[in-house]
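> how would this look folded up:
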Amino acid sequence: MSEDILVDPQDEAPAPDAEEDAGSSGAVFDSMLAALRDARDKLLDRSLRNKLINTPIESARARQVRVFDEKSEEVFALLQSGKQMTFLAARAGNAEEAIEGEDEVAWIPPEDDDPDERGVAARHRDTRLQTRLTAEGLQKRLTSLFYEGQTLEEEQGINVLFLALGFLEWREAKQSEIARFAPLVLLPVDLVRDGAKDRFKLHLRPDDLIANVSLQAWMAEQFGIELPELPDAEELSLPGYFAAVRDAIGIRDGWAVRDNEIILGFFSFAKFLLWRDLDPSKWPQPGMLLEHPLLKQILLRSEEEIPDVPLVSEDDRLDDLFKPSELIHITDADSSQAIAIQEVMSGKNLVIQGPPGTGKSQTITNIIAGAVQRGKRVLFVAEKMAALEVVHDRLVDKKLGPICLELHSRKSSKAQVLAQIKEGREVAAPPAWPPAVMSVLQEAQDKLRAHSDLMHAGADRISAFDLIGRMSLLRAKDTPVPNFAFPEGSTWTAEDVSSASVRAQQLGERLARAGIPAVHPWRGVGVNAPDILEQERLKPLVSAFLAAAARLQTANEASASALGFLDEIPVARLGSAAAALRHLSARPNKADALLGDARVRGRAAWLKEAAQTGLRLNAAEALLRSSIRPECWAEDWGRVRRTVAGRGRSFLRFLDSEYRAAVAELRGVWVGEFPKSFAARVQVLDQLVER
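Predicted coordinates for the structure are as follows:
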């Protein structure tokens, strides 16, 4: 966010009036400078792992494509003219030198072919970049660069794919035998292809030409060498720039400029650009950065608590402090988000934290809209491009796309930036809302606030809001709706409710000990507390009852043991237990031996089945005796049964002569009233057939 929204440092940092204050200010300045230097050092990658300082040009495994036998000047001219270039795998003669398991092959320079008036061979003037990769290895390497480059640009919003033209060969010390290589000119490029099986093409992106600023800083800090600045693309002469680099490095053992060393690979400048922006000397005034109060709070991390008076206290209502016309919300915002938005609008610095899905992007969208409405400028930055796109899409959805100037990804070129500025200038400002609209909004807000006040009204009574909340909790527990009412409950105060709750809780505790009154043993007795004489008369009866209960308990335990029960027999089953004991005592003398015989136990299932069959036959015979004359049981009833069962459910059965004859035959042998039920007729016929 720009300084248009942040508090002006000059308003918060009073000028020192005394020498002591001046000395203190100088000490703070020195501390700030040291802290800023430490912070910047953490951003700059000073290790040899930085490809901008040390590119492994001879590595066969690096994520890059090395170009051979090409001229940097010709390649630059072709790409600058808008032509696309392709890549060539190693020639057949070279491919024979391929090492087994490797993608690269040995390189054999071809003879010069058809040079022009400048002496440049035809192979250097075409649009094909020669490599020493096999055809399979070249396609695999380009595919990897293509997809990884797309992923990095989608996530970070910056292009990291460059074609490096010319390399500086340098060494860490005079005696060092290890050569290091750093790119000098970096062309922002794109890999494109028409289809998955087509060849990759390389073309120049409409971005600015980039010099190796990391190398410039490294050379200045480590060796005191000031490399020349890179001119604009229209004014750049590669031979002239390489010559200037040679002049800058002078005569050093093992150092050289490789004009025609070309590599396609990934090079990132993000952290170095931030490192350069934090250099106080790059600012219009040296003190603008170091004297900023916000930067002091971040870098010095003072243990003193930073005074902060909230814009809206816990007891304040947002509606009472701000009118609807002052709240510029283009997306939904709850009270906490609205407070954060107004805090920013008032010029405060704050940090908003929260897990995903808590509305941070909505809050940022509203902050940007509110700031722009007030004539402010906003710089919105994020580490991931997805965060930028979410906020940008929200602004576009609310018809605020023209106020946005995208400075990331493919929108950061000069042409795109100028086109966006032109589009923004040509869009007319939206008309202001008429006062009548704000009046309607204010009226609606007042009504909603009055409704809220009524819901929370009642200093000594339960509010409707609290009552609805308690009912919701009870409903969530599946509490049944009470079938009683308190006629005067609407007049109860909070104290009355509390007192009634205490009494109800006491009653519940007593019921838990005494039991439910409806099933209590003394329910309905109607005897008051006995006097002393009555107690004396009851004592013998109670003693006799206790003695009988003890005898019953002993008999119960013995019965349970005799019957093989694990637990005592409930009182409700004592009658059944007594009957079982009587049958047990009346069993024949040899019954135990018979039941214990293994042969009998083996026939137990058969005996049980026979007994069940006998029971069924007895039931069938009883049914037949009450329905059919005995002398007719032995007749063949299969035909009658099939006719009645098969046609008895048809609503046209009265037209069926066979069905009427079968029913008449059954009616003729029936005892008593002939049943009208289809099921009853079939049941009797089934018993006749089974018999």
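> where's the one residue sitting closest to the centre of the chain, which helix or strand?
Note on the chain: the residue nearest the mean C-alpha position is residue 356, at 7.0 Å, using Cα atoms, centre = their mean. Following DSSP states H and E, there is no helix or strand that holds residue 356.
> tally of neighbours for residue 235?
Each residue near residue 235 was counted by other Cβ atoms under 10 Å, and the total is 8. Where C-beta positions appear, they are placed from N, C-alpha and C, glycine not excepted.
> now do the SS call for it.
Under DSSP: H, G, I helix; E, B strand; the rest coil, residue 235 falls in the coil class.
> would you say residue 616 is within a helix?
Yes: judged by three-state DSSP, residue 616 forms part of a helix.
> which residues does the nearest residue to residue 678 once chain neighbours are set aside contact?
Once flanking residues are discounted, residue 678 sits nearest to residue 648: 4.8 Å by Cβ to Cβ, 6 or more residues apart in numbering. Neighbouring residues of residue 648 by Cβ atoms under 8 Å, 6 or more residues apart in numbering: 659, 678, 681-682.
> how about JSON lines for those, with distance to residue 335 added?
Putting the contacts of residue 648 into JSON lines (distance: Cβ to Cβ, whole Å) gives the following:
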{"residue": "659", "distance to residue 335": "82"}
{"residue": "678", "distance to residue 335": "73"}
{"residue": "681", "distance to residue 335": "78"}
{"residue": "682", "distance to residue 335": "76"}
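> distance check, the residue lying closest to residue 407 once chain neighbours are set aside against residue 189.
Spatial nearest neighbour of residue 407, chain neighbours left out: residue 417 (7.0 Å); criterion: Cβ to Cβ, 6+ apart. With distances taken as Cβ to Cβ, to the nearest Å, residue 417 is found 20 Å from residue 189.
> of those two, which one has the most company?
residue 189 (19 against 14).
> alpha carbons of the helix or strand containing the more buried one, as PDB, please.
Per DSSP H and E: residue 189 is located in strand 180-192. Output of strand 180-192 as PDB, limited to C-alpha atoms (Å, rounded to 0.1, in the frame of the first residue of the first chain):
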ATOM      1  CA  ARG A 180      33.100 -19.700 -13.100                       C
ATOM      2  CA  PHE A 181      30.600 -18.400 -15.700                       C
ATOM      3  CA  ALA A 182      28.000 -15.600 -15.400                       C
ATOM      4  CA  PRO A 183      25.600 -14.400 -18.100                       C
ATOM      5  CA  LEU A 184      25.900 -10.900 -19.400                       C
ATOM      6  CA  VAL A 185      22.800 -10.200 -21.400                       C
ATOM      7  CA  LEU A 186      19.500 -11.900 -20.700                       C
ATOM      8  CA  LEU A 187      16.600 -11.900 -23.200                       C
ATOM      9  CA  PRO A 188      13.200 -12.700 -21.800                       C
ATOM     10  CA  VAL A 189      11.800 -15.400 -24.100                       C
ATOM     11  CA  ASP A 190       8.900 -17.800 -24.400                       C
ATOM     12  CA  LEU A 191       8.800 -21.400 -25.600                       C
ATOM     13  CA  VAL A 192       5.700 -22.100 -27.700                       C
END
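> show me what counts as buried in the next helix or strand after it.
If you walk from strand 180-192 toward the C-terminus, the next helix or strand you reach (DSSP H and E) is strand 201-204. Residues of strand 201-204 classed as buried by neighbour count (16 or more other Cβ atoms under 10 Å): 201-202, 204.
> and the contacts of strand 201-204?
For strand 201-204, contacts defined as Cβ under 8 Å, 6+ apart pick out 79-80, 82-87, 129, 163, 187-193, 264.
> quick one, helices of the stretch 1-150 of the chain?
9-12, 19-43, 72-80, 92-95, 122-125, 135-156 (DSSP state H, counting those that start in this stretch).
> so what secondary structure elements neighbour the fifth one?
In this case it means helix 122-125. Here helix 122-125 touches no other helix or strand, going by 3 or more Cβ pairs under 8 Å, 6 or more residues apart in numbering; DSSP states H and E.
> then it to CSV, C-alphas only?
Below are the C-alpha coordinates for helix 122-125, written out as CSV (Å, rounded to 0.1, in the frame of the first residue of the first chain):
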residue,chain,number,x,y,z
ALA,A,122,24.6,-19.4,-43.6
ARG,A,123,24.1,-21.7,-40.6
HIS,A,124,24.6,-18.6,-38.4
ARG,A,125,22.0,-16.6,-40.2
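> give me the distance between that helix and the centre of its chain.
Chain-centre distance of helix 122-125: 55 Å, with Cα atoms, centre = their mean, to the nearest Å.
> what's the answer for the longest one, then?
Per Cα atoms, centre = their mean, the displacement of helix 19-43 from the mean C-alpha position of its chain is 42 Å.
> ok, and for that helix, which residues are buried?
Residues of helix 19-43 classed as buried: 32, 35-36, 40 (neighbour count, 16+ other Cβ under 10 Å).
> do the same with the fifth one
Across helix 122-125, burial judged by 16+ other Cβ under 10 Å covers 123-124.
> can you tell me what sits against it?
For helix 122-125, the external contacting residues (Cβ under 8 Å, 6+ apart) are 69-71, 74, 110, 113-116, 130.
> out of these, list just those in strands.
Counting by DSSP state E, the contacts of helix 122-125 place residue 130 in strands.
> export the contacts of helix 122-125 to JSON lines and tack on neighbour count, distance to residue 209 and pLDDT?
Formatted as JSON lines, the contacts of helix 122-125 follow (neighbours: other Cβ atoms under 10 Å; distance: Cβ to Cβ, whole Å; pLDDT from 0 to 100):
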{"residue": "69", "neighbour count": "18", "distance to residue 209": "24", "pLDDT": "89"}
{"residue": "70", "neighbour count": "20", "distance to residue 209": "19", "pLDDT": "91"}
{"residue": "71", "neighbour count": "18", "distance to residue 209": "18", "pLDDT": "92"}
{"residue": "74", "neighbour count": "19", "distance to residue 209": "17", "pLDDT": "93"}
{"residue": "110", "neighbour count": "12", "distance to residue 209": "31", "pLDDT": "62"}
{"residue": "113", "neighbour count": "9", "distance to residue 209": "31", "pLDDT": "68"}
{"residue": "114", "neighbour count": "9", "distance to residue 209": "31", "pLDDT": "70"}
{"residue": "115", "neighbour count": "12", "distance to residue 209": "29", "pLDDT": "75"}
{"residue": "116", "neighbour count": "10", "distance to residue 209": "26", "pLDDT": "74"}
{"residue": "130", "neighbour count": "22", "distance to residue 209": "24", "pLDDT": "92"}
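> related to what we said a few turns ago, which pLDDT value belongs to the residue nearest to the centre of the chain?
Per-residue pLDDT puts residue 356 at 84.
> residue 1 too?
pLDDT for residue 1: 37.
> pLDDT weak spots in this protein?
Under the criterion pLDDT under 70, the flagged ranges of the chain are 1-25, 46, 91-113, 286, 301-307, 409-412, 459-460, 595-596, 600-601, 691.
> which ones are touching residue 86?
Taking Cβ under 8 Å, 6+ apart as the test, what residue 86 contacts is 127-129, 199-202.
> same deal with residue 186?
162-165, 209-212, 267.
> how does it look with 7 Å?
Each residue near residue 186 by Cβ atoms under 7 Å, 6 or more residues apart in numbering is listed here: 162, 164, 210, 212, 267.
> show me how to select, in ChimeraX, the buried members of those residues.
Under the burial definition 16+ other Cβ under 10 Å, those of the contacts of residue 186 that qualify are selected in ChimeraX by:
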select :162,164,210,212,267
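> which of the contacts of residue 186 sits closest to residue 527?
residue 267 (102.6 Å; Cβ to Cβ).
> distance from the lengthiest helix in the chain to the middle of the chain?
In the chain, with assignment by DSSP state H, the single longest helix is helix 532-563. Its chain's C-alpha centre and that of helix 532-563 lie 70 Å apart, by Cα atoms, centre = their mean.
> give the buried residues for that helix.
Buried residues in helix 532-563, defined by neighbour count with 16+ other Cβ under 10 Å: 556, 559.
> now do that helix: which elements does it pack against?
Applying 3 or more Cβ pairs under 7 Å, 6 or more residues apart in numbering; DSSP states H and E, one finds that helix 532-563 makes contact with helix 574-585.
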